[in-house]
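>>> 3D model of this:
(chains A and B)
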Protein chains: 2
Amino acid sequence: MTKVAAIVFSIIVSFLAFGLAVWLYRWVNNQESKNEKINTIGEMIKSGANAFLRKEYLVLAKFAGVLALLILLFLPEPIWKADSFLDVLNRNITITFAYIFGTIFSALAGKIGIFVATIANRKTAEAAVKSIRKSFMSGFRGGAVMGMAVVGSSLLGISLVFWITDNATMLLGFSFGASSLALFAKAGGGIFTKTADISADLVGKVELGIPEDDPRNPAVIADNVGDNVGDVAGMGADLFDSHVASITAALVMAAAIDKATGSGNIAMVFTYAAIGLFSSILGVIFAKMGKNDNPTNALNLSTYVTTGIFAVLTAVATLIFKFEWRIYGAALVGLVVGVIVGIATDYFTDDRKSPVRKVAKASESGPALTIISGISYGFLSVLPAMIGIAVSAFAAYKLTEPLGEGYALFGISMAAVGMLSIVGMIISNDAYGPIVDNARGLAEMGGLGEEVIKITDSLDSAGNTVKAVTKGFAIGAAGLTVISLLGAFISEVNTAAEALGLPKITGFDIMDPAVFFGLLVGASVPAVFSALLMLGVNRNAERMVAEIHRQFETIPGLKEGVEGVYPESDKCILIATEGALKELIPAGLFAIVITVVVGLVGGVYAIGGFLTGNIVSGLLLALFMSNSGGLWDNGKKYIEAGNHGGKGSNAHKAAVVGDTVGDPFKDTAGPSINTQITVVSLIASLLSVIFLTVSLF
Amino acid sequence: MTKVAAIVFSIIVSFLAFGLAVWLYRWVNNQESKNEKINTIGEMIKSGANAFLRKEYLVLAKFAGVLALLILLFLPEPIWKADSFLDVLNRNITITFAYIFGTIFSALAGKIGIFVATIANRKTAEAAVKSIRKSFMSGFRGGAVMGMAVVGSSLLGISLVFWITDNATMLLGFSFGASSLALFAKAGGGIFTKTADISADLVGKVELGIPEDDPRNPAVIADNVGDNVGDVAGMGADLFDSHVASITAALVMAAAIDKATGSGNIAMVFTYAAIGLFSSILGVIFAKMGKNDNPTNALNLSTYVTTGIFAVLTAVATLIFKFEWRIYGAALVGLVVGVIVGIATDYFTDDRKSPVRKVAKASESGPALTIISGISYGFLSVLPAMIGIAVSAFAAYKLTEPLGEGYALFGISMAAVGMLSIVGMIISNDAYGPIVDNARGLAEMGGLGEEVIKITDSLDSAGNTVKAVTKGFAIGAAGLTVISLLGAFISEVNTAAEALGLPKITGFDIMDPAVFFGLLVGASVPAVFSALLMLGVNRNAERMVAEIHRQFETIPGLKEGVEGVYPESDKCILIATEGALKELIPAGLFAIVITVVVGLVGGVYAIGGFLTGNIVSGLLLALFMSNSGGLWDNGKKYIEAGNHGGKGSNAHKAAVVGDTVGDPFKDTAGPSINTQITVVSLIASLLSVIFLTVSLF
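As a prediction, the model looks like this:
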């Protein structure tokens, strides 16, 4: 298959995905929604989410504007060093456009996701009155619109940028655009959603003892908005970013190999990526609930079916187009390890397994033991995933090494592409979660009755469970992607070094003091980044708690639930919005500035160590925080299901503390670390020429 | 100065330290102690601590016996590969003896520490009746006996082993002996002390609302015993281990350089180490409380005085004996960075600074925010120390690199020696803490009245504050030591490679898949190790809480505090003892087994990555856990001093949860990580020949 044919194939598959997204959207939109109360509240959620997005994109536009200007001036080389205007056009202007393109595509995907999710939540709630199957389909298909939109735009964007520029370096600009947006969307959305969630719980559940989603609570609407901006738009931007980064890293290395040897690795990357999206399309179309009405099985089955289709179709493509079987092997290793990591992660967050049960039991002795045991299991949970990533990187390297120079790192990047191949399905399943979570809230606030709430509860719980498996893929893939971004960094540095007549880098020796220096500093970045985000959530939650207290004290009849008295939900939404955007700035700036400082002080070797330290400790902390957060959440649910004294018991109170601590862990800091690593890696690659030529040591 | 002269000088200084220790012990022992009640309780604490030590050393003796046998058979090379019996004697038998010697010296130092501490605590309590100065001197001098005993035996042991064998590899055996004991003493003692502390608090403060150290509480004596076995004996073994390891690493590299060039670096290492101990001797002798009766200033001043003396005397020695000034510079860098790291660490745990204040404020909104903000500041606190260690390693490397091959890593090890030079003073200050903490308990249980408790409180609080500065040294030094142990590992591997005719290792390239594989696996070890220890504390605390409940329910009059009714404290001590020894086994075995497995699977390159990952994530987690633990502790004390509602308020309850979570962080897992890293590094060095010749990949 030629390069162009593969690109055209990718573009066609992208449009297939868009077509499916439109069809699914219309299907969801045609479902019934007649309940007035639900429509009113649904509209409030929708307008709250849109208000946040508008503000966020406004701030982002300024930020992206400044970055675009810097890119124009400095990247890939300072503009004043260009030979001619054509040179400037070919390089600085093109990469700037690629960057802007990346931010816009990612923003659009997020916008579409929110748009559909805030319709699907109502439909899902109302469909639950009829049957669990109908309700499930509304939730799943609503999520699938997001999945198709995100992966379709990612693949389309990459294809177009690469086709037009025929230069993999320009893709780094596109990828950086996606990352810088993801940093805002994920971290900002994460702060928003947890501000609202924690505040609503602290005042509602803990102080007043009123149920979750009680319409009297002024933060409840903000909490539901948060599910959309954090878990739908933020998650979408995050996975958009990972998908783009994994394919970009693979293409950067494939381009270097193809340039040297003339072989068709670029075509292979596009073919595999397109087959991945195609497999997800088939998976989404054929997803449905089995005879036993079990939503967990339905979601997991669709994931495994997609995985299987990908494995078969890529084998067929490899056979027909005579791609290298060893590279197919690397991609397959990624896919298999993704599943294994997912299953291992599931063990630590599943309420039928020992860790969750033990934490629930420990909660009987008060919140301190809930926290200590949860943190302990969170620490334990990193082992299978770290070993899984280590083994898959090692295996992919060893499998592809015999193919020649440059292939080993390319092999690792193809393992990442393999793991992320089914990302369309992953996003569909992930977006399903907040939609049914919202639907549950709407059912409660709309007074649809106990039976309906029970149905939405079971849909919601399925969402939590499958999240563990999809998260296994996402974290594993992020790990491999950042390893291959390290490869892309070396590839970029060496291209620059060759052009400048400087010696090539062959590797980063740990015993080189600059590398070791970078390692130690890089390792501390994810910790500091997480801390800044969580402190932001804390500060913001304090503001919102004060506002909720004010409303309960000053609005007559609110606490008592007098008919016709509503809280001023919009004020809470405003606090969450403004706080989120304000609080994410220190974290984002810190990550960017320290990368540039380390590069300018220690040069490319220090940056090599820095990226490695960042990856290693970033993976560790991301796994720890995501898993312990999930564990506490499910521990609380396990107790609420009637164990250890059930709701209202001391164990439950302790478990609520655990869940509250876990909230910013799993929904703010943990998942933002991936993005932080990607952003830092891309900055390093983009600035490689500068670090190579200007540095203190 | 010749090598032998330097060794003799070291031995003389060791005996000076022993002499001072004996003098101090007699001084402390001659202080008054007439209060019957205090003597009775003091005896209970003493016999509890001794009972634990006996059991611990018994288990240890078995463990050490098995290890000694393995060492005899396999190290430094399998016994059946030896040329002759003389060869076996020179190598396997000698290293086995060095190992046994290391365990015995460390055990003795711990035993002496406990012996004096359990006398000094009573004297300190009673002296507080007279004046704060007398009381301070009893506490400080009691601690100083430990300081002198530990560092004296460390220096004496190293000097003897090196003098007799004239082989730095044999020192690795001695160092491994110290480490394997420290692993038990620190981790086992840490589990003991926190089991008792958490259980006493959970039932006493949280459930029944009775004060700390209330004599009705069956766990109170166990808690006081825990202070001795964890904070005195455990801490002593830990710093004994660090001191031995730092000097060993420096000597291994100095020996390699001296062998190649004939220069006198070994003499320099001994001279510097001896001057370090000598400076601490002077510091201890001249330590006294200033006119303002401020114990914090007195402790900090003695640290700074010791630092100054060391800097001056080593400069004089360098001048006289014509040592390299660049190496002096490296040691000085270590010393200065140690101070800076200490001050930076202090910022995060000092109750006059913003982090502690903010966590105390956040506690008003309940325990969840206490935990989130404490974890966040704990994450932030890693940055200055990580950068400090990174900069000092970098600076030491660059300073000494021009001296020739091998000097750069030797320079890093000398920075560690510089940082640890004043360890005699650090231990004195550290052991002061648990002594005055015990004295406070004795004053309360002995009914010495409010005024006396207030004095012991202020002494106790000073102990907490200076701990931050000394901890800065300890962690920084551990960081540099383990970096130099990595150097020692390479040095060992290359000696072996040369003998076997295999290619030498020049470094560990991060892009080598075996190194990267090792990095990821190694990074997860400290997390898993900590988790296993903390889960052990949890399990053990559950047992003890059940026992306390049983006693309050079945012993008539205990709850009401009827005169003459005593709890069965010995049962709690037994639970803590047996549980501690049982629960540390999984953690210790895990660390040892995974090192061997990685080495056998991936060979020396994988081990290089493994050690690096272990160091990087170990430092990160140790700093995080120690600092957030200290922060919560002081946050609670700040509230107890009357802020945010004071004792009994909601903020206080939340702060108690934070403190309880922090307990295993700062006293079990955090400080055990250092030892874990050292043990793993030494195992890697000791098994280097095996990893070099037998491995899967």
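>>> quick one, phi psi at the spatially closest residue to A:Gly226 that is not a sequence neighbour?
Distances taken as C-beta to C-beta, 6 or more residues apart in numbering or on different chains put A:Thr193 closest to A:Gly226, at 3.1 Å, once the chain neighbours are dropped. In short, each C-beta sits where N, CA and C put it, glycine included. Phi and psi for A:Thr193, reported as degrees, to the nearest 10, are phi -60, psi -40.
>>> Tell me how far A:Thr193 lies from A:Thr668.
A:Thr193 sits 8 Å away from A:Thr668, going by C-beta to C-beta, to the nearest Å.
>>> next one: A:Gly642
For A:Gly642 relative to A:Thr668 (C-beta to C-beta), the value is 30 Å.
>>> what about those two, which has more around it?
A:Thr668 (35 against 10; other C-beta atoms under 10 Å in any protein chain shown).
>>> Ramachandran coordinates for the closest residue to the more buried one other than its chain neighbours?
Using C-beta to C-beta, 6+ apart and skipping residues adjacent in sequence, the residue nearest A:Thr668 is A:Gly190, 3.6 Å away. Dihedral pair for A:Gly190: phi -60, psi -40, per degrees, to the nearest 10.
>>> what's near enough to touch the residue of the stretch 51-200 of chain A found nearest chain B?
Going by C-beta to the nearest C-beta, chain B is nearest to A:Ile198 of the stretch 51-200 of chain A, at 7.2 Å. Shown in contact with A:Ile198 (C-beta atoms under 8 Å, 6 or more residues apart in numbering or on different chains): A:537, A:541, A:660, A:663-664, B:368.
>>> Could you report the neighbour count for the closest residue to it other than its chain neighbours?
Nearest non-adjacent residue to A:Ile198, counting by C-beta to C-beta, 6+ apart: A:Ala541, 4.6 Å away. Applying other C-beta under 10 Å, we find 32 residues neighbouring A:Ala541.
>>> and A:Ala541, what element?
helix A:513-554 (DSSP states H and E).
>>> So what angle separates the directions of that helix and helix B:513-554?
40 degrees (axes from the mean of the first three to the mean of the last three C-alpha atoms, to 10 degrees).
>>> Contacts only, for A:Phe63.
So A:Phe63 contacts A:180, A:184 (C-beta under 8 Å, 6+ apart).
>>> wait, does the longest helix belonging to chain A contact chain B?
Looking across chain A with DSSP state H, the single longest helix is helix A:569-640. Yes - Helix A:569-640 is in contact with chain B by C-beta under 8 Å from any C-beta of the partner chain, via A:608-609, A:612-613, A:616-617, A:619-620, A:624.
>>> buried residues in the following helix or strand past that helix?
As assigned by DSSP H and E, the chain's next helix or strand after helix A:569-640 is helix A:650-664. Buried positions in helix A:650-664, judged by neighbour count with 16 or more other C-beta atoms under 10 Å in any protein chain shown: A:651-664.
>>> Spatially nearest residue to the residue nearest the centre of chain A, not counting backbone neighbours?
The residue lying closest to the centre of chain A (C-alpha atoms, centre = their mean) is A:Asp238, at 3.2 Å. Nearest residue to A:Asp238, sequence neighbours excluded (C-beta to C-beta, 6+ apart): A:Lys186, at 4.7 Å.
>>> same question, A:Ala587
A:Leu532 (3.9 Å).
>>> correct me, but A:Val616 touches B:Phe517?
No - counting by C-beta atoms under 8 Å, A:Val616 does not reach B:Phe517; the two are 11.7 Å apart.
>>> Tell me the residues of the stretch 251-400 of chain A that contact chain B?
So the stretch 251-400 of chain A meets chain B at A:362, A:365-369, A:371-373, A:375-380, A:382-383, A:386-387, A:389-391, A:393-394, A:397-398 (C-beta under 8 Å from any C-beta).
>>> Near A:Leu558, how many other residues are there?
With other C-beta under 10 Å as criterion, A:Leu558 counts 18.
>>> any idea how far the nearest residue to it once chain neighbours are set aside lies from A:Asn217?
Counting by C-beta to C-beta, 6+ apart, A:Leu558 lies nearest to A:Val565, which is 5.3 Å off, once chain neighbours are set aside. Using C-beta to C-beta, A:Val565 is found at 13 Å from A:Asn217.
>>> Which helix or which strand is home to A:Val28?
helix A:3-29.
>>> how distant is the helix or strand just after that helix from the center of its chain?
Going down the chain from helix A:3-29, the next helix or strand is helix A:36-74, by DSSP H and E. A distance of 17 Å separates the C-alpha centroid of helix A:36-74 from that of its chain, computed with C-alpha atoms, centre = their mean, to the nearest Å.
>>> again, but for stretch A:605-617
For stretch A:605-617, the distance to the chain centre is 22 Å (C-alpha atoms, centre = their mean).
>>> Also stretch A:538-546?
On the basis of C-alpha atoms, centre = their mean, stretch A:538-546 is displaced by 25 Å from the centre of the chain it belongs to.
>>> just stretch A:286-294 next, same as before
The answer for stretch A:286-294 is 27 Å, by C-alpha atoms, centre = their mean.
>>> just stretch A:213-226 next, same as before
That offset, for stretch A:213-226, works out to 24 Å (C-alpha atoms, centre = their mean).
>>> Just the CA coordinates for that stretch, please, in PDB.
Coordinates of each C-alpha in stretch A:213-226 appear next as PDB, following Å, rounded to 0.1, in the frame of the first residue of the first chain:
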ATOM      1  CA  ASP A 213     -28.700  14.900  43.900                       C
ATOM      2  CA  ASP A 214     -31.200  16.500  46.300                       C
ATOM      3  CA  PRO A 215     -32.700  19.500  44.400                       C
ATOM      4  CA  ARG A 216     -32.400  21.800  47.400                       C
ATOM      5  CA  ASN A 217     -28.600  21.600  47.300                       C
ATOM      6  CA  PRO A 218     -27.300  24.600  45.300                       C
ATOM      7  CA  ALA A 219     -24.300  22.700  44.100                       C
ATOM      8  CA  VAL A 220     -26.200  19.700  42.600                       C
ATOM      9  CA  ILE A 221     -26.600  21.300  39.200                       C
ATOM     10  CA  ALA A 222     -23.000  22.400  39.200                       C
ATOM     11  CA  ASP A 223     -22.100  18.800  40.100                       C
ATOM     12  CA  ASN A 224     -24.000  17.500  37.100                       C
ATOM     13  CA  VAL A 225     -22.500  20.100  34.900                       C
ATOM     14  CA  GLY A 226     -19.100  19.000  36.200                       C
END
